[in-house]
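Q: Sequence first, then the predicted structure:
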Amino acid sequence: MKKVIVVGNGMVGYKFCEKLAAHPQRDQFEITVFGEEPRPAYDRVHLSEYFSLKSSDPLLLAPRAWYEENRIELRTSELVSEIDTSIKRIVTHKNNSFQYDYLILATGSSPFVPPLEGVSKTGVFIYRTIEDLEAIEEYAKKLQSQGKYKAAILGGGLLGLEAANATKELGMETSVIEFAPRLMPRQLDQQASDLLIKKIESLGIHVYLGKNSKEIIGSPEITGIDFHDGSSLDVDMLVISAGIRPRDELAIKAGLLTGTRGGIEVNRKMETSDPSIFAIGEVALYNNGIYGLVAPGYEMAGVAVDQITGGEKLMSPTIDMSTKLKLVGTEVASFGDPFLENENAIAIRYENKQKGIYKRINISPDGSKLLGGILVGDASDYNNLFQLYINEIKLPEDAEDLILGARGGDGKSSFGSALDLPDSAQICSCESVSKGDICGSLTSGTCSSLKDVIGLTKASSCCGGCKPMVTELVNETLKSMGQEVKETICEHFEYSRQELYDLVKIHRIPTYNDALDQLGKGHGCEICKPVMASIFASIFMETANRQVGIQDSNDRFLANIQRNGTYSVVPRVPGGEITPEKLVVLGQVAKKYDLYTKITGGQRIDLFGAQLHELPLIWKELIEAGFESGHAYGKSLRTVKSCVGSTWCRYGMHDSVSFAIQIEERYKGLRSPHKLKGGVSGCIRECAEARGKDFGIIAVEGGWNLYVCGNGGANPKHAVLLASQLDDETCIKYLDRFLMFYIRTAAPLMRTAPWLDKLDGGLDYLKKVVVEDSLGIAEELENEMEELVNKFTCEWKEAIESPEMMKRFKHFINTDDSNEELVFVPMREQKMPKPW
Amino acid sequence: MVTMEEYFNTYQSVDPQNVLHWVRVGEVSDFPENAGGCIKYKSKQVAVFHFERTNTWYACQNLCPHKLEMVLSRGMTGDAAGIPKVSCPLHKKSFSLEDGTNLNGEEYRIATYPVKIDNGNVYIGFAD
């Protein structure tokens, strides 16, 4: 048995353990890992999420139990202080000594603290470990209690901006100080940096560029920083994030070869100058460089495991530093050589200051190859561009289409299919998984699903950026093998939503329990239950009161659960039109039950903070005043937003409010694969923002234009024109067909825009089905919709009229007490839940 | 609101052999089928689940350890590879109702309590 000692339990040290633990020769090794931090290895890339998570547990790469299960001895809070290479032994600061056959140095790096006067003052921090974050959080709270709010970050690189986001999240007024004339000077050019600054400043973070710090002032606490240009900045706390220094002190003491500017020299085998010692991760000096990204660190870990198990794997000759990340809410990516622009490279830039997007690609002069680039604001094309770059794939004729999208023509993507990539194409750079690895695992029969492939190759398990591409490759490969790609909804039903919809309808399956008996297995789960509930509702128009146990938690209680477990109440206000009398009732109810009130984006009023047992009381009063459930809690029709239209507006062409009310009344209570929103505008000024909805209707000369498949949210999409100049009746007829077709065929939780994207034949096909009735199902769709519309009942009215149904609106079954754990704090004359 | 410390002190799993009190919390028909209900014992809130298909009962703390809110009884029930589970209504964290472990692979876990049914009544076993 060979003894392997890993010094350092960071991300790369952990990756080494993971790979060795999974190796066929695992049993020939005894593994001991030392970590100086108190916790097992955690995800440092997502460190700033620690503040929002309020716990370090979700960041752990593996719990302690994992090390036990894999027979790895994990010694945390123990620092290795000495290596004696002559007798292959290490000593720790607790004076324990251990023999090794192979020693893996994964000691990582420490923050570089510039030699400034005053860096040791109270209130100056570094940003590297969870302990650092805890100290920053504690100090920030202390400052805030004294009415002090000014924080600054020294360093505008990647980590510095992460730190800035963290202090901003803590409620500090944050500034970023950078020595270079731009942010992220290693990744971004001036134009990209300017745009990023605009975005960051809009969030309230100030950026100071070209600032050379001279001295940290204050005594004993920091009160400010003086700069060499004579200016100064008042700050109450400072976080230093000015780069990293490899932790090579142990190696230097042991006499290993290190670089003049730090780092342990390694060859392509990741061997140091002592062949039984390997160095991996940020401490390794490879090709004269230190690499502060996880992907190369993971590759190094893989090479070291291969080497000690007798393999011949070598490190790639050049290290790719491409990266994509979200910084302070902004997508930023750079790949290849982002700055290249000379006789051998031409840069193509696209900038849209209104939307806050900057894209740059550097291509070879003949336009055939992609050499590098930068994306800010919208990095959705990163995966595709990165593949073109890393695999040196010949570019399409109009390279600018890569960042502008194909204009005109067939609307096809400029990137083609993932299957066109060569087998060597690296798809997942964190885990270095190639296209060949993914497709090969399927064609060889080792894997038969996406889950298998991810389990085997670990592709997309790290940052997840490549997940869409991995999914596409798996689906396309399975298809090419003649296998139908089954999109089963979960482990309990081996069917897609569409299949389940058809089966329930054809066999008239009455309940979820019957469906489990006839079509599924087990007890079901939180995925299949709401899907089936939606299907039952869409076929039989049954309310959420009939099969209560299978409803998603919000539907079960007919209200939206909020962060402290209380609920919000949203009555329907069709088209956003409401009488003063009804407004008064809403105000009275809110006052009586002490509810926080806010106007929603869908032109209604949301009442927050209702306890479970208060919901029926509140609804009883609302129903008496003529309100109905707004279904804000359901995957169902929400609102049809309207502008005031021709009745009042001097530009209005038609009466958009009346039409919006008519449509909202028609489809209210309609449950669907995801939520549905609509809008009606009285003229092309589009004040109802109807094209940001699943269906949008806009008044034009001679009728209504009907747009479909838009949405707001994270990936906004404008609805596209389905038919124009329609009269009221035809417009509703087309809407019936469109909505029913969507309800029948979409996957669970898929809104209309992605559904249209996936629909074979796209918009043209949809037009044929809805307008030209190419499938001959138009009448059937209309009849189905008519039946659903006729069966509408307000489920809140239904609930409060039934004593049996009311039983569920109680916090405790065995007492009438209310939940006393709830704590609210005041906010702007109203209240909010005590923050987590 | 519960603090981390109170939480660790209040909610500890109880093994059937360590039960000191079987507390009656209602009749079988008071509890929804294939879903949860919450009961109160001393200062504890406990979620009780009736898996009607196999006629098995489970009980666990009502407090979700992720955000420390009293919500688990309002979560959806089901199974993952045969393990009975509840999924929190706030962020869909799933917990085994057999041993309280988190099924998303995260560290936190919940306390579970034994349930017995006797003559149509539901009893939860506590050690305090």
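A: Great, that's in hand.
Q: got a pLDDT number for the residue nearest to A:Thr488 when sequence neighbours are not counted?
A: Leaving aside its sequence neighbours, A:Thr488 sits nearest to A:Glu494 (Cβ to Cβ, 6 or more residues apart in numbering or on different chains; 5.0 Å). Bear in mind the C-beta positions are built from the backbone N, C-alpha and C, glycine included. Looking at A:Glu494, its pLDDT reads 85.
Q: Report how many residues lie close to A:Glu494.
A: 13 (other Cβ atoms under 10 Å in any protein chain shown).
Q: just A:Lys394 next, same as before
A: The number of residues near A:Lys394, taken as other Cβ under 10 Å, comes to 10.
Q: who touches residue 50 in this structure?
A: With no chain named, the answer covers chain A. A:Ser56, A:Leu59, A:Ile130, A:Leu133, A:Ala166 (Cβ atoms under 8 Å, 6 or more residues apart in numbering or on different chains).
Q: To clarify, I was referring to chain B.
A: The neighbourhood of B:His50, defined by Cβ under 8 Å, 6+ apart, consists of B:Val28, B:Phe31, B:Pro32, B:Glu33, B:Asn34, B:Ala35, B:Trp57.
Q: Look up how far A:Val332 lies from A:Pro377.
A: Check again: residue A:377 is Gly, not Pro. Using Cβ to Cβ, to the nearest Å, A:Gly377 is found at 8 Å from A:Val332.
Q: Looking at the two, which one has more neighbours?
A: Comparing A:Gly377 with A:Val332 by other Cβ under 10 Å, the one with more neighbours is A:Val332, at 27 against 20.
Q: Wait, the residue nearest to A:Thr488 touches A:Gly522, no?
A: No - the criterion here is Cβ atoms under 8 Å, and A:Glu494 misses it with A:Gly522 at 11.8 Å.
Q: one step back: neighbour-wise, which one of the contacts of A:Tyr50 leads?
A: Among these, the one with the most neighbours (other Cβ under 10 Å) is A:Ala166, at 26 neighbours.
Q: That one touches A:Phe125, doesn't it?
A: No - counting by Cβ under 8 Å, A:Ala166 does not reach A:Phe125; the two are 10.6 Å apart.
Q: Give the burial count for the nearest residue to A:Thr309 once chain neighbours are set aside, as a bare number.
A: Setting aside the residues directly before and after it, A:Thr309 is nearest to A:Gln25 in space (Cβ to Cβ, 6+ apart), at 4.8 Å. A count of neighbours around A:Gln25, defined by other Cβ under 10 Å, yields 13.
Q: residues contacting whichever residue of the stretch 601-750 of chain A sits closest to chain B?
A: Chain B sits closest to A:Leu612 of the stretch 601-750 of chain A, with a gap of 8.0 Å, by Cβ to the nearest Cβ. Contact analysis of A:Leu612 by Cβ under 8 Å, 6+ apart lists A:Phe557, A:Thr566, A:Tyr567, A:Phe809, A:Lys810, A:His811, A:Asn819, B:Arg74.
Q: could you dump these to JSON lines with neighbour count?
A: Listed next are the contacts of A:Leu612 as JSON lines, based on neighbours: other Cβ atoms under 10 Å in any protein chain shown:
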{"residue": "A:Phe557", "neighbour count": "21"}
{"residue": "A:Thr566", "neighbour count": "23"}
{"residue": "A:Tyr567", "neighbour count": "23"}
{"residue": "A:Phe809", "neighbour count": "20"}
{"residue": "A:Lys810", "neighbour count": "18"}
{"residue": "A:His811", "neighbour count": "25"}
{"residue": "A:Asn819", "neighbour count": "20"}
{"residue": "B:Arg74", "neighbour count": "26"}
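Q: Tell me which entries of the residues you listed lie within strands.
A: Judged by DSSP state E, strands contain the following of the contacts of A:Leu612: A:Tyr567.
Q: State the mean pLDDT of the helix or strand where A:Leu385 lies.
A: Assigned by DSSP states H and E, A:Leu385 belongs to helix A:382-390. Averaged over helix A:382-390, pLDDT sits at 86.
Q: would you list the contacts of A:Leu612 in CSV and tack on pLDDT and distance to A:Ala21?
A: What follows is these, written out as CSV (pLDDT from 0 to 100; distance: Cβ to Cβ, whole Å):
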residue, pLDDT, distance to A:Ala21
A:Phe557, 94, 45
A:Thr566, 93, 45
A:Tyr567, 94, 46
A:Phe809, 91, 50
A:Lys810, 88, 49
A:His811, 90, 46
A:Asn819, 83, 45
B:Arg74, 94, 39
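Q: Nearest to A:Gly147 among the contacts of A:Leu612?
A: Here the nearest of those to A:Gly147, counting by Cβ to Cβ, is A:Thr566; it sits at 31.4 Å.
Q: so that closest one touches A:Gln611, yeah?
A: Yes - proximity of A:Thr566 to A:Gln611 meets the contact threshold set by Cβ under 8 Å, at 5.7 Å.
Q: Find residues that contact each of those two.
A: A:Leu822.
Q: is it fair to say A:Leu233 lies in a strand?
A: Yes - remark: A:Leu233 belongs to a strand, assigned using DSSP: H, G, I helix; E, B strand; the rest coil.
Q: Could you pull up phi and psi at the closest residue in space to A:Asp43 that isn't next to it in sequence?
A: Leaving aside its chain neighbours, A:Asp43 sits nearest to A:Leu59 (4.7 Å; criterion: Cβ to Cβ, 6+ apart). Here is the backbone geometry of A:Leu59 (degrees, to the nearest 10): phi -80, psi -20.
Q: Pull the contacting residues for the residue nearest to the spatial centre of chain B.
A: Per Cα atoms, centre = their mean, the C-alpha nearest to the average position across chain B is that of B:Cys60, at 1.7 Å. Going by Cβ under 8 Å, 6+ apart, B:Cys60 touches B:Val46, B:Ala47, B:Phe49, B:Leu72, B:Val86, B:Phe95, B:Leu97, B:Gly100, B:Ile110, B:Ala111, B:Thr112, B:Tyr113.
Q: Nice, that's everything, thank you.
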